[in-house]
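In: Model the following, please.
(chains A and B)
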Amino acid sequence: MRARALTTLVLLLTIFSTSLAAQQEDDSWFGQKKSNPRSTPPPPNPPPPVPLDGGLIALIGAGAALGYKKYKASQE
Amino acid sequence: MVSFNWNSIKKIPQGILKDREFVRFIGRFLSCLIVFTIIYEGYLWFTEQQRELDWITYTISELSHALAVTLGVANCEFSCFIDGCYIGVEGKMINVLEGCNGLKLALVYSSYIIGVSGWKWQSVVQVIFGVIVIQCFNVLRIGMLVVLRDIGGDSYFFYIKYIFNVLIYIAILFLWLVKPYIDRVLYKHVN
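Out: Just a heads-up that it's a prediction; the model follows:
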């Protein structure tokens, strides 16, 4: 019974220590990530769009206001 | 405390209906705008189904490219795809999408003209003239933006966002304001 408990404990400790070691970064030469010494160029900016229809609602409102002013003036 | 008075609410539409001329104008203006927009959206849907770029955006882009070349932009390239056209020097291009072709502004302009005068040949003449003016402004705007982008600097962002757009809107308002004078000339010509 005691031997089984000891075996389980050792097994658990082994698994735990292995996972901890895997989480730690390897600072040795083998563990160093090989990065490209030449930095990759940034992606080119996409051409900017040149929209024109941003003020459509304002233009419709201006048209309605102009029409109202015109009819008011014609009534007077 | 503001009291809820049903009679005063009932008077509001009566007050508006008194200006029957104005109500007719609004009816014509909005109905024209809705019909034109439906036709235009239908055309856009059709070209999308054909996997093509609409003719208006293509033509405006082509003319803007020609203007930029005329204004001295060396190696100015022009390429079109389903979603829009690219104009300018490699690495300094601008993207002309459907919303940049100025046709929606032209539709609002035309709706106002028909809303005020109704369906007459004088209105049709003014609509054709106005649409040509708006599109000329738009070609000039995009051509100038290609030139400004080629010259360099960040100033062209300012021109994209404010100057050129405001100029086109002012041009439309100006055309609306001079409409009575154009009417006078056209009707005098008829008489």
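In: quick one: which helix or strand includes the residue positioned nearest the centre of chain B?
Out: In chain B, the residue lying closest to the centroid (C-alpha atoms, centre = their mean) is B:Leu105, at 2.0 Å. Element membership for B:Leu105, per DSSP states H and E: helix B:103-117.
In: list the helices and strands the next helix or strand after that helix packs on?
Out: Toward the C-terminus, helix B:103-117 is succeeded by helix B:121-151 as the next helix or strand (DSSP H and E). With contacts defined as 3 or more C-beta pairs under 8 Å, 6 or more residues apart in numbering or on different chains; DSSP states H and E, helix B:121-151 has these neighbours: helix B:55-70, strand B:85-89, strand B:92-96, helix B:103-117, helix B:155-158, helix B:164-177, helix B:179-190. Backbone N, C-alpha and C define where each C-beta goes, glycine included.
In: How about the first one and chain A, touching?
Out: So the one you mean is helix B:55-70. No - between helix B:55-70 and chain A, judged by C-beta under 8 Å from any C-beta of the partner chain, nothing touches; the nearest distance is 9.4 Å.
In: thinking again about what came up before, got the angle for the helix holding B:Leu105 vs helix B:55-70?
Out: Helix B:103-117 runs at 110 degrees relative to helix B:55-70, counting by axes from the mean of the first three to the mean of the last three C-alpha atoms, to 10 degrees.
In: Residues contacting helix B:103-117, please?
Out: By C-beta atoms under 8 Å, 6 or more residues apart in numbering or on different chains, the surrounding residues in contact with helix B:103-117 are A:52-53, A:56, A:59-60, A:63, A:66-67, A:70, B:25-26, B:28-30, B:32-33, B:36-37, B:40, B:56, B:123, B:126-127, B:130-131, B:134-135, B:168-169, B:172, B:175-176, B:179, B:183.
In: what pLDDT, on average, does that helix get?
Out: Predicted confidence along helix B:103-117 averages 94 (mean pLDDT).
In: which parts of that helix are buried?
Out: B:103-117 (16 or more other C-beta atoms under 10 Å in any protein chain shown).
In: now swap in stretch B:48-55 and tell me
Out: For stretch B:48-55, by 16+ other C-beta under 10 Å, it's B:53-54.
In: List the contacts of B:Cys76.
Out: Taking C-beta under 8 Å, 6+ apart, one finds B:65, B:68-69, B:87-89, B:146, B:150 in contact with B:Cys76.
In: any idea of the pLDDT on it?
Out: B:Cys76 is given a pLDDT of 89.
In: backbone phi and psi for it, please?
Out: phi -80, psi 120 (degrees, to the nearest 10).
In: mind showing which ranges of chain B have poor pLDDT?
Out: Residue ranges of chain B with pLDDT under 70: B:1-18, B:189-191.
In: B:Leu145: neighbour count?
Out: For B:Leu145, the neighbour count with other C-beta atoms under 10 Å in any protein chain shown is 24.
In: list the contacts for it?
Out: A:50, B:94, B:156, B:159-160, B:164.
In: Return the distance of it relative to B:Leu177.
Out: 27 Å (C-beta to C-beta, to the nearest Å).
In: what's the answer for B:Arg51, then?
Out: 42 Å.
In: so how far is the helix holding B:Leu105 off the chain centroid?
Out: 9 Å (C-alpha atoms, centre = their mean, to the nearest Å).
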